[in-house]
Structures are given as structure tokens and as C-alpha cells.
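A.B. asks: take this sequence and fold it.
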Amino acid sequence: MGRVTAVPVPQPRAETAADAARRRAGRSLGVALLLGAAGSAVVLIASGQTWAEGSAVVAGGRVPLDAGGRDVTGVPAALAVAGLAALVAVFAVRTAGRTLVAGLLALSGAGATAAALVGATDGAALDDRAARTTGDTAATVDALTHTAWPYVTAAGGLLILLAGLLALRYGSHWPSMSGRYERDGTPRAARVRAPATRPAKAPGPAADPDRPEDMWKALDRGEDPTG
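C.D. replies: Numbering: from 1, shown residues only. Sure, this is the predicted structure:
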């Protein structure tokens, strides 16, 4: 009876620390892109909505007034645009430059949040509109109320801030746009093809000087019929 040998079953390769770091970096990259893009969109949309409402007295009557977020403060929208630019620039730079851009991304989110919260209770924009509507520089707004849009804007700023914090923590492991270069930063050398050479033609039969047609054929072949 033949001897039966056991075939070893290959075991799955254990995950190394480098594999785990790459997996975390890839996951953080997707989350940061989502948070940064979503936060910028929220800030740009919410800052264009009505933030404050009220009324002003004109000729014995009341005129309803409202002020949009960009009438109150243009800082959140400007910082949202700066945050988007920083989010793209994170992939165009490396090492210290990437850390600097990631910090700018985080600061853009923090600044947008702070500006939105300050503007949530501001009534100066409506007072200015009341003065223009009534023609009285001392006019103010009555029954001033604020909407929830400033707080939505602040939430969008927090998303940008989180994207910046992720970039600061994991950005050094993210890929960059310069992947077409070697790891040392030098461009790859282009391949140079050698020019194709034509095989030399075999010399034809010697031309007979007494036959003109042989001399013409020799000339067509590039040979010297007199040689």
C-alpha cells in the first residue's frame, strides 16, 4: 500500500504594521475628501440663505426686512473656497509643504465656524438695510429674529476642520500628483530606440559595356557600371 503524504495548506499572510498603516491612510484619505468637499458645499450654500429677519417703520407702516449670510459676513464663504483650494493642494505638495497646506485647511474650517457663530446673533446688517430703506441713518430694526442657517454654516466649517485634522494626522502617507516621477523625485529616463538599418543590397551581375540596358540597370542599383 502506497505511502500518503499530507499536502501543506497555505496559511493567509499575517497583516504587517506597514499594511495596517497603508489601510488606515487609504481610509482616512477618502474620509478627508468627503468631509472637505461636503463641508465647503454646506458653507457656500448655507451662507447664501437668510440669516436674520425683522421690520422697519416707514411712514407709519412696517416694512419687512431680511439679511442673507453674506450680508452679515462674507468670511465663511471666502474660507470655504480657500479650504477647497487647500484640499486640492494637499496632493500637489509633499513633506513640510503638505503639513503647511493641511494646517491651512484646518484653519479655514475653524475660521468659517467661528465667523458663522459670531454672525448668528448679529443685527448690524439689518440695521444698515433699515437705514437705507427709511432714509434715516439712525433707524434700527424691530422684532429682530435669526434663522438656523448660521448654525448650518458653522457645521459645514466643522467638517472642513475635521478634514484638515485628518490631513495633518495621515497626510504624510497619502499619494501625491507627482506619481509619474521616481521615488527620489527625478523623472524617469525616456527609452531611446536605435534607428532601423536597411540590409545592404547584394551587388548585381557585372554590367556589359556593350549592352546599354545592363548599364542602366547598374545605375538603378547604385553601382558603377564602369568599375
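A.B. asks: and the longest helix seen in the chain, what's buried?
C.D. replies: Using DSSP state H to assign secondary structure, the helix with the most residues in the chain is helix 17-46. For helix 17-46, the neighbour count (16 or more other C-beta atoms under 10 Å) marks 25, 28-29, 32-33, 35-37, 39-40, 42-46 as buried. No exception for glycine: its C-beta is placed from N, CA and C like everyone else's.
A.B. asks: next, Ser55: phi, psi?
C.D. replies: Backbone geometry at Ser55, expressed as degrees, to the nearest 10, gives phi -150, psi 150.
A.B. asks: check contacts around Leu44.
C.D. replies: 77, 80-81 (C-beta atoms under 8 Å, 6 or more residues apart in numbering).
A.B. asks: quick check, nearest of those residues to Asp128?
C.D. replies: Closest approach between those and Asp128, by C-beta to C-beta: Ala77, at 18.7 Å.
A.B. asks: and that closest one, what's its pLDDT?
C.D. replies: Ala77 carries a pLDDT value of 96.
A.B. asks: okay, now it: neighbour count?
C.D. replies: The number of residues packed near Ala77 is 21, by other C-beta atoms under 10 Å.
A.B. asks: work out for me the element it sits within.
C.D. replies: helix 75-89 (DSSP states H and E).
A.B. asks: now what about that helix, what contacts it?
C.D. replies: Taking C-beta under 8 Å, 6+ apart as the rule, helix 75-89 contacts 32-33, 36-37, 39-40, 43-44, 47-48, 69-70, 101-102, 104-105, 108-109, 111-112, 115-116, 119, 153, 156-157, 160, 163-164, 167.
A.B. asks: please redo it, this time with the cut-off set to 7 Å
C.D. replies: 36, 40, 43-44, 47, 70, 101, 104-105, 108-109, 111-112, 115-116, 153, 157, 160, 163 (C-beta atoms under 7 Å, 6 or more residues apart in numbering).
A.B. asks: and for stretch 55-73?
C.D. replies: So stretch 55-73 is contacted by 46-54, 77, 115, 119, 122, 125-126, 129-130, 133-134, 139, 141-143, 149-150, 153 (C-beta under 7 Å, 6+ apart).
A.B. asks: hey, C-alpha coordinates of it in CSV?
C.D. replies: Output in CSV follows, covering the C-alpha atoms of stretch 55-73 (Å, rounded to 0.1, in the frame of the first residue of the first chain):
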residue,chain,number,x,y,z
SER,A,55,-39.0,95.1,10.2
ALA,A,56,-38.5,98.8,10.0
VAL,A,57,-41.0,101.6,10.5
VAL,A,58,-41.6,103.7,7.3
ALA,A,59,-44.2,106.4,7.1
GLY,A,60,-46.3,105.0,9.9
GLY,A,61,-46.1,101.4,8.5
ARG,A,62,-43.8,98.5,8.8
VAL,A,63,-41.6,97.1,6.1
PRO,A,64,-40.3,93.5,6.5
LEU,A,65,-36.5,93.2,6.0
ASP,A,66,-34.1,90.3,5.8
ALA,A,67,-30.4,89.8,5.6
GLY,A,68,-28.5,86.9,4.0
GLY,A,69,-25.5,85.3,5.4
ARG,A,70,-23.1,87.1,3.0
ASP,A,71,-24.7,90.4,4.0
VAL,A,72,-23.8,89.6,7.6
THR,A,73,-20.3,88.3,6.9
